[in-house]
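>>> Provided below are the primary sequence and the corresponding predicted coordinates.
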Amino acid sequence: AQSVTQPDIHITVSEGASLELRCNYSYGATPYLFWYVQSPGQGLQLLLKYFSGDTLVQGIKGFEAEFKRSQSSFNLRKPSVHWSDAAEYFCAVGARGGSYIPTFGRGTSLIVHP
Amino acid sequence: GAVVSQHPSRVICKSGTSVKIECRSLDFQATTMFWYRQFPKQSLMLMATSNEGSKATYEQGVEKDKFLINHASLTLSTLTVTSAHPEDSSFYICSARGGEQLNSPLHFGNGTRLTVT
């Protein structure tokens, strides 16, 4: 079975600073990988996904993520954070084949200081 | 893009009553929808997979008689919390695949905050 670890519960950055949110996964083969963002009291919005091909994936809102097979990681990055980026971020992994249902990490709360 | 509408966004009910939550795919057909439960500051816990025209598949530990799921059409799935108790208070989120392929990303509703008094 697949699993996801987001080691950071909270991340605090200053507006304009760069951001990296960590995600490690456990799966026997190359998985499908996703990052979602959740604003308070809202559902989840897909930021980006990796299925195959280029390991550097571009998403919406200026986010990108890099799949590193050797490290079993799929870290999310943004070069310059805006105050509106404050939210909860979830990494998710989906198994290839079968019915495919993603497993979510516990989330990382991003706090942005002005 | 694919839009999933969830209603109501908030509901307060008394202990012992039942509450129905609707999840609609607005601009696409969803043969499969998923119901999640989220506790404060925690991740999403998959409760069940809702299949159009057939019985839902419940995850281990989820009481199917308490959380009734009906997926009567390709655009609507409902979750009914029966005989609600305060411990059922939570944030419930539905989602649906944005395409026919199994690896299509999930699109989420905005969630329903259930408070049982």
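Okay, I see it.

>>> roughly how far is stretch A:77-95 from the heart of the chain?
On the basis of CA atoms, centre = their mean, to the nearest Å, stretch A:77-95 sits 6 Å off its chain's mean C-alpha point.

>>> Output the set of residues of chain B in proximity to chain A.
B:4, B:6, B:9, B:34, B:41-44, B:46, B:49, B:91, B:93, B:95, B:102-103, B:105-111, B:113 (CB under 8 Å from any CB of the partner chain). The C-beta positions use only the backbone N, C-alpha and C, and glycine is treated the same way.

>>> and with 6 Å instead?
Neighbours of chain A within chain B, by CB under 6 Å from any CB of the partner chain: B:43, B:44, B:93, B:102, B:103, B:105, B:108, B:109, B:110, B:111.

>>> and the closest residue to residue B:94 other than its chain neighbours, what are its bridge partners?
Distance criterion CB to CB, 6 or more residues apart in numbering or on different chains; nearest residue to residue B:94, sequence neighbours excluded, is residue B:23 at 3.4 Å. Beta-bridge pairing for residue B:23 (DSSP bridges): residue B:6, residue B:77.

>>> likewise residue B:46?
Bridge pairing for residue B:46 - DSSP bridges - gives residue B:36.

>>> And residue A:66, by the same measure?
The partner residues for residue A:66, given DSSP bridges, come to residue A:56, residue A:75.

>>> Residue B:63 versus whatever residue of chain A ends up closest to chain B, what's the distance?
Residue of chain A nearest chain B, by CB to the nearest CB: residue A:43 (3.6 Å). Per CB to CB, to the nearest Å, residue A:43 is found 24 Å from residue B:63.

>>> Among those two, which residue is more densely surrounded?
More crowded of residue A:43 and residue B:63, by other CB atoms under 10 Å in any protein chain shown: residue A:43, with 23 against 10.

>>> Give me the helix or strand of the chain that scores worst on average pLDDT.
Reading this off chain A. Lowest on mean pLDDT, DSSP states H and E among the helices and strands of chain A sits strand A:103-104, with a mean of 88.

>>> switch to chain B, that's the one I care about
Lowest by mean pLDDT, DSSP H and E among the helices and strands of chain B is strand B:106-108, with a mean of 86.
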